[in-house]
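[1] Using only what follows, build the 3D model:
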Amino acid sequence: MTAAEVLVEKLADWGVEIIFGLPGDGINGIMEALRVRQDKIRFIQVRHEETAAFMACAYAKFTGKLGVCLATSGPGGIHLLNGLYDAKLDHQPVLAITGLQFHDLIGTHTQQDVALDKLFMDVAEYNERIMGPTHVENVIDLACRTAISYRKVAHVTFPVDFQEMEVKKQQRSKRNVPHHTSEVEAPLPPLPPSSLLHRAAEILNSGKRTVILAGQGALGATSELEQIAELMGAPVVKALLGRAVLPDDSPYTTGTVGLLGTRPSQEAMEGCDTILIVGSAFPYIEFMPKPDQARGVQIDIDPQQVGLRFPVEVGLIGDSRATLQALIPLLSRKEDRSFLTTAQDGMKDWWELMEKRGTRTDTPMKPQVVSWELGKRLQGDAIVSCDSGTIATWWARQVKVQKGQMHTLSGNLASMAAGLPYAMAAQLAYPERQCIAFVGDGGFSMLMADFVTAVKYKLPIKVVVIKNNTLGQIKWEQMVFLGNPEFAVDLHPIDFAAVAHACGGVGFTVEDPAECGSTIESFLASPGPAILQAVVDPLEPPLPAKITAEQAVKFTESLVRGEPDRAKIVRTAIGDRVKEMI
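    Next up is the predicted model:
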């Protein structure tokens, strides 16, 4: 058996069923091992290694399993980094395997002589170079265990000549006993100690205005979150990665928080005296309660996250669902429901406003119309992958999460281009479910060649491209946060429907809000992979739910200093607010 065959066999032993990657001469031995073991592991060929890494991250997010990506030496490995940082920052178990030059030419300026193990030092929790054929078994076991147990990135780089070498007994060092490692997972303890649970309950029981912040670590704890919210009369505020922890029609949630969040979520944070953080590393500290405003309890599987954004008094290390189940019997029901009732009244007003913005009939078509119409037509078990930029605002506010759906995006890295790879990974993991990529024209164009990957593997994903021909998030940040006129944010138009046809898929276009709903229905009903380009108003601002005086001043400064579209922007901004008041 060759060293590469040992690698593939070990991955299969760890339950790996799919690998995303692009062949290259630096991994020829691995590719041959995969070719003869197609009954064990499926190889998905992409057009860009960044896509492979994003797909590995998304596969881990959607399934909870180990995501694996493969790239050749030099530039192939380098291309993986963005998707791997996505996995690192969102705490996903991903293994990256890369090729390396001939072992006795490394460091001699040979072709593609990039020390990938050194390059990956920051992104990977476990990072190792294969030193010979008998080294593979030990390293792969440790790499997989580290990635799965700690929910982090592992990287193994493999010199190309070692890949094709036969594994022989005489190659072993005397201390390397054959098969002394195993593919046994080592999960962290599911529950914190009883004493800490009681301390946490004391804090939560003493609070009068409690808010719950739930992130992706709370996915799968929907029932428990609602039970605690009912007991404490507490609104549940959702981080973006935790959008699916509660459906948006739950009476306990105020939706997302932060720049893309809702007004009731922000007001709940501002008015609370106690906070329970469940499975969230929400990074925007400015939207958290002030340190001297509230007491705090945090539940997380990773001790590093505890007290990182807010000075909590008790950290409960364990599985979110199991910990909440242990905490519920210790909590007393609050008779005063006013804090929750205020949040619920606020959400009623908020959804009325979102519907008003999502049903506008004026042209150019508003992006909120597309997201609103899409959200109404999603299947109950749909998987929605969003991209980064203004697109995330419309997804977070207008696309209502239903019970049974999955929703996610590139969270802490907030990378553009992730939406398409995420949707393809979701479709591979769940062939029978509706998988949607909700993307902007800027992010989609970065990796849109990989739409042909969906065509190649007959993945019936549906890609909604919000086309405004601008880098919208950057445009409005330049204006609202810096007070500068927009610069270098305009994009040359692309006919994305034509791109779909060129790749062998189906393309749709919609510009008229009156036709948006019916076009989306036809688009979603079309067989196979399809793209819908929705041409929208580039001047529609993705403003925060509550605009500060400083932001208003900066916005005015940008207009005064020479914003090229200032007249149109003023008309749009004022016109929108007037329409909402009528």
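
[2] Just list the residues touching Leu196, thanks.
    By C-beta atoms under 8 Å, 6 or more residues apart in numbering, the contact list for Leu196 reads Val314, Gly315, Leu316. To be clear about C-beta, it is placed using only N, CA and C from the backbone, and glycine gets the same treatment.

[3] out of those residues, which is most surrounded?
    Leu316 (25 neighbours; other C-beta atoms under 10 Å).

[4] check which helix or strand covers Thr254.
    strand 253-256 (DSSP states H and E).

[5] just checking, what packs against whichever helix or strand Ile474 is part of?
    Assigned by DSSP H and E, Ile474 falls within helix 472-480. Applying 3 or more C-beta pairs under 8 Å, 6 or more residues apart in numbering; DSSP states H and E, one finds that helix 472-480 makes contact with helix 390-398, helix 549-560.

[6] Strands along the stretch 401-550 of the chain, start to end?
    406-408, 435-440, 462-467, 506-510, 530-535 (DSSP state E, counting those that start in this stretch).

[7] buried ones in the last one?
    Taking 16 or more other C-beta atoms under 10 Å as the neighbour-count basis, strand 530-535 is seen to contain the buried residues Ala530, Ile531, Leu532, Gln533, Ala534, Val535.

[8] which strands and helices sit next to it?
    Using 3+ C-beta pairs under 8 Å, 6+ apart, strand 530-535 is in contact with strand 462-467, helix 496-503, strand 506-510, helix 513-525.

[9] ok, back up a step: now secondary structure, pLDDT and distance to Arg243 too, for the contacts of Leu196, in JSON lines please.
    Shown next, in JSON lines, are the contacts of Leu196 (DSSP: H, G, I helix; E, B strand; the rest coil; pLDDT from 0 to 100; distance: C-beta to C-beta, whole Å):
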{"residue": "Val314", "secondary structure": "strand", "pLDDT": "97", "distance to Arg243": "26"}
{"residue": "Gly315", "secondary structure": "strand", "pLDDT": "97", "distance to Arg243": "24"}
{"residue": "Leu316", "secondary structure": "strand", "pLDDT": "97", "distance to Arg243": "23"}
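
[10] Need the residues you listed in TSV (columns: distance to Asp362).
    Below are the contacts of Leu196 laid out as TSV (distance: C-beta to C-beta, whole Å):
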residue	distance to Asp362
Val314	51
Gly315	50
Leu316	50
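
[11] before we move on, the earlier item: output the helices and strands packed on helix 472-480 in a markdown table, with mean neighbour count appended to each entry.
    Formatted as a markdown table, the helices and strands packed on helix 472-480 follow (neighbours: other C-beta atoms under 10 Å):
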| stretch | mean neighbour count |
| --- | --- |
| helix 390-398 | 26 |
| helix 549-560 | 15 |
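
[12] worst average pLDDT in the ones you listed?
    Confidence, taken as mean pLDDT, is least for helix 549-560 of the helices and strands packed on helix 472-480 (a mean of 73).

[13] Out of the strands of the stretch 401-550 of the chain, which gets nearest to Val278?
    strand 406-408 (17.0 Å; C-beta to C-beta).

[14] chain center to that closest one, what's the gap?
    In this view, strand 406-408 has its centroid 8 Å away from the chain centroid, taken as C-alpha atoms, centre = their mean, to the nearest Å.

[15] That strand packs against which elements?
    So strand 406-408, by 3+ C-beta pairs under 8 Å, 6+ apart, packs with helix 49-63, strand 383-386.

[16] Kindly reformat these as TSV and extend each row with mean pLDDT and distance to His501.
    Below are those laid out as TSV (pLDDT from 0 to 100; distance: least, C-beta to C-beta, whole Å):
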stretch	mean pLDDT	distance to His501
helix 49-63	98	21
strand 383-386	98	22
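
[17] could I get the ones you listed as TSV with mean neighbour count and distance to Tyr252?
    Rendered in TSV, the data for the helices and strands packed on strand 406-408 read as follows (neighbours: other C-beta atoms under 10 Å; distance: least, C-beta to C-beta, whole Å):
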stretch	mean neighbour count	distance to Tyr252
helix 49-63	29	24
strand 383-386	29	21
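
[18] Redo these as JSON lines? Include distance to Leu327.
    Shown next, in JSON lines, are the helices and strands packed on strand 406-408 (distance: least, C-beta to C-beta, whole Å):
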{"stretch": "helix 49-63", "distance to Leu327": "26"}
{"stretch": "strand 383-386", "distance to Leu327": "30"}
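
[19] Relative to Gly220, which of the ones you listed is closest?
    The closest of the helices and strands packed on strand 406-408 to Gly220 is helix 49-63. By C-beta to C-beta, the value is 12.5 Å.

[20] just the angle between that closest one and strand 435-440, please?
    With axes from the mean of the first three to the mean of the last three C-alpha atoms, to 10 degrees as the basis, helix 49-63 and strand 435-440 are set at 130 degrees to each other.
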